[in-house]
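>>> sequence plus predicted model, see below.
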Amino acid sequence: MLKIYNTLTRSKEVFTPRVAGKVGMYVCGMTVYDYCHVGHARVMVVFDTVVRYLRYLNYDVTYVRNITDIDDKIIHRANENGEDFHALTERFIDAMHEDEDALSVMRPDIEPRATSSIHDIIAMIEKLIANEFAYVGTNGDVFYAVDKFKNYGQLSGKNLDDLQAGERVDVDLAKRNPMDFVLWKMAKEGEPFWESPWGNGRPGWHIECSAMSTCCLGNSFDIHGGGMDLQFPHHENEIAQSEGATGEKFVNLWMHNGFVRINEEKMSKSLSNFFTVREVLKQYRSEIVRFFILSSHYRSPLNYSDESLNDANAGLTRLYTALRDVEILEAEIDAEYKMRFEEAMNDDFNTPVALAVLFDIVRELNKTKSPVLAATLKSLASILGLLQDNPESFLKFRFGDSLTGDFHLNSNLSEEFIEQQIQARIDAKKAKNWGLADQIRDELKAQGIILEDSPDGLTRWRRE
RNA sequence: GGUUGCGUAGCAAAGCGGUUAUGCAGUGGCCUGCAAAGCCAUCUAGAGCGGUUCGACUCCGCUCGCAACCUCCA
């Protein structure tokens, strides 16, 4: 029985979809004005894993993740670059797709874009005005009147009095209430715009997600996800907008993933302490990054450091090493391990425990070389998007920058040369010339190549 | 100031009111020409102070420390 932590109730709940066997899930995606960083990677990997597991449980999942392709930062960046904002967003959408492909993140079923949803956005704002949840401010912008929505603050546990007491709220004279937020923004000179009943302008960020999710999944749907930081105000505002417009319950279950941190501090653009996915992938293989992300629970903070990535590499290497040289019998799965794995995942997607189950399989597999256990390991790991590579190619993989041919990071030596050296060492061993044999092995080790002799007289190798 | 969450061994990271988490690293063995990999064994725990309990890392309270949100942010 799958239990998921619901931010709305702050407790784990038994997951019950609105329609038996079907799940509608929406996740707030990226604002595409720059490359994705590791924090974005976490959202992609976490919810990809959620979808994989729901599908493994035979749910018919419709996974929607939007693209915010119009907003202040995009306009600002496009102006800086002196390029059309469309050209900018297309570039970063392509880059985002490259990053997620690298991380074995399956594409969402629907990727709506804000700029393709303007009609739906305008229709929703019109409804909100008709229902008296929204008004046109003195500057022509359309605002949402938060005090009209009685449950405002239910998701984040805030109330309007506390919020108004906060000192970080800008006073905007065009609004009736400082907490009111913009639904439609009038275009300034030179900014991109769309026609609307309120004049030429563009949508506010929050209304985009309400319109896109409702449009793709209906007035009500099962799961809405995103980063912790979106809880307030973004998701709070989405609830106010969607429920204000439709009068129906918007979302049953809210999932929020924790942050990636660097030195105990949130990784973010504004703190300039972020690593982009493509930077990291020059140093670590993508599957290591995925393993690293799944090695802590999705709601916990995840500290990014070379040490933790190296640990992830060591762990993943152990998993792949166990699959080397074993027959995999696809037809059978060990029921006991399968059950333990499912228990872990059923407990709010507890991937660290699920990984621990995989390591338990490895210990037994290393002893027994059982084809059934090998199949169990590979099959369960696939639910996490791991271990689908060929073990030999994983262990011999030369990583680095394939564009520049800069492979020195874990050895620049070619396979031909390595095989040649191994043969020379085998000859030395046959002549019981241990000194030479050890010298060859040490030299290769210094170049990042580990040799392992097996009992049958063969020598195999892997890159560190 | 308000709200939310966290504090586990050398590092990372889980569950659990009483019984081995797990990975990396360490130590002792087995294996090996020696290694590596693997196997077996094993040492390091639960911020502090109270309370509940036969028994608490686990529940409750307080204190201290950390993070996030209250402004755009995954």
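All right, it came through fine.
>>> quick one: name the residues of the stretch 151-300 of chain A near RNA strand B.
Within reach of RNA strand B by CB under 7 Å from any atom of the strand, the stretch 151-300 of chain A has these residues: A:156-158, A:162-163, A:165-166, A:168-170, A:179, A:181, A:205, A:226-234, A:257-261, A:264-270, A:295-297, A:300. Placement of C-beta: from N, CA and C, glycine included.
>>> any of those residues buried? List them.
Among these, those scoring as buried are A:158, A:163, A:179, A:181, A:205, A:226-227, A:230-231, A:233-234, A:257-261, A:266-268, A:295-297 (criterion: 16 or more other CB atoms under 10 Å).
>>> what part of chain A, helix or strand, is modelled with the least confidence?
Ranked by mean pLDDT, DSSP states H and E, the weakest helix or strand in chain A is helix A:160-165, scoring a mean of 75.
>>> just the CA coordinates of that one, formatted as PDB?
Written as PDB, here are the backbone C-alpha positions of helix A:160-165 (Å, rounded to 0.1, in the frame of the first residue of the first chain):
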ATOM      1  CA  LEU A 160      -2.700  36.700   6.200                       C
ATOM      2  CA  ASP A 161      -2.100  38.600   9.400                       C
ATOM      3  CA  ASP A 162       1.300  37.000   9.800                       C
ATOM      4  CA  LEU A 163       2.200  37.600   6.200                       C
ATOM      5  CA  GLN A 164       1.200  41.200   6.400                       C
ATOM      6  CA  ALA A 165       3.300  41.600   9.500                       C
END
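>>> sheet partners, orientation included, of the helix or strand that it is followed by?
With elements assigned by DSSP states H and E, the helix or strand that comes after helix A:160-165 is strand A:181-186. Using DSSP bridges, strand A:181-186 pairs in its sheet with strand A:142-144 (antiparallel), strand A:201-203 (antiparallel).
>>> quick one: contacts of the last one?
Looking back up the chat, that one is strand A:201-203. Where contact means CB atoms under 8 Å, 6 or more residues apart in numbering, the residues beyond strand A:201-203 that reach it are A:70, A:114, A:118, A:121, A:125, A:140-141, A:183-187, A:191-194, A:211.
>>> need the helices for the stretch 1-150 of chain A, in chain order.
Ranges of helices in the stretch 1-150 of chain A, per DSSP state H, counting those that start in this stretch, are A:38-56, A:72-81, A:85-102, A:118-130.
>>> so which of those helices is nearest RNA strand B?
Taking CB to the nearest atom of the strand, helix A:38-56 is the member of those nearest to RNA strand B, at 2.3 Å.
>>> the inter-axis angle of the closest one versus helix A:85-102?
Relative orientation of helix A:38-56 and helix A:85-102, computed by axes from the mean of the first three to the mean of the last three CA atoms, to 10 degrees: 60 degrees.
>>> run the chain-centre distance for helix A:38-56.
Computed by CA atoms, centre = their mean, to the nearest Å, the chain-centroid distance of helix A:38-56 equals 5 Å.
>>> pLDDT on it, on average?
Mean pLDDT, computed over helix A:38-56, is 98.
>>> check whether it comes near RNA strand B.
Yes - shown here: helix A:38-56 in contact with RNA strand B (CB under 7 Å from any atom of the strand) through A:39-40, A:42-43.
>>> quick check: buried residues in that helix?
For helix A:38-56, using 16+ other CB under 10 Å, the buried residues are A:38-54.
>>> and what of stretch A:81-91?
Using 16+ other CB under 10 Å as the test for burial, stretch A:81-91 gives A:85, A:88-89.
>>> what residues are up against the closest residue to RNA strand B within the stretch 101-250 of chain A?
RNA strand B sits closest to A:Gly227 of the stretch 101-250 of chain A, with a gap of 1.9 Å, by CB to the nearest atom of the strand. Going by CB under 8 Å, 6+ apart, A:Gly227 touches A:28, A:39, A:43, A:256-257, A:259.
>>> and with 7 Å instead?
A:43, A:256-257 (CB atoms under 7 Å, 6 or more residues apart in numbering).
>>> residues in a beta bridge with it, which ones?
Bridge pairing for A:Gly227 - DSSP bridges - gives A:Asn257.
>>> how near is it to A:Cys28?
Using CB to CB, to the nearest Å, A:Gly227 is found at 7 Å from A:Cys28.
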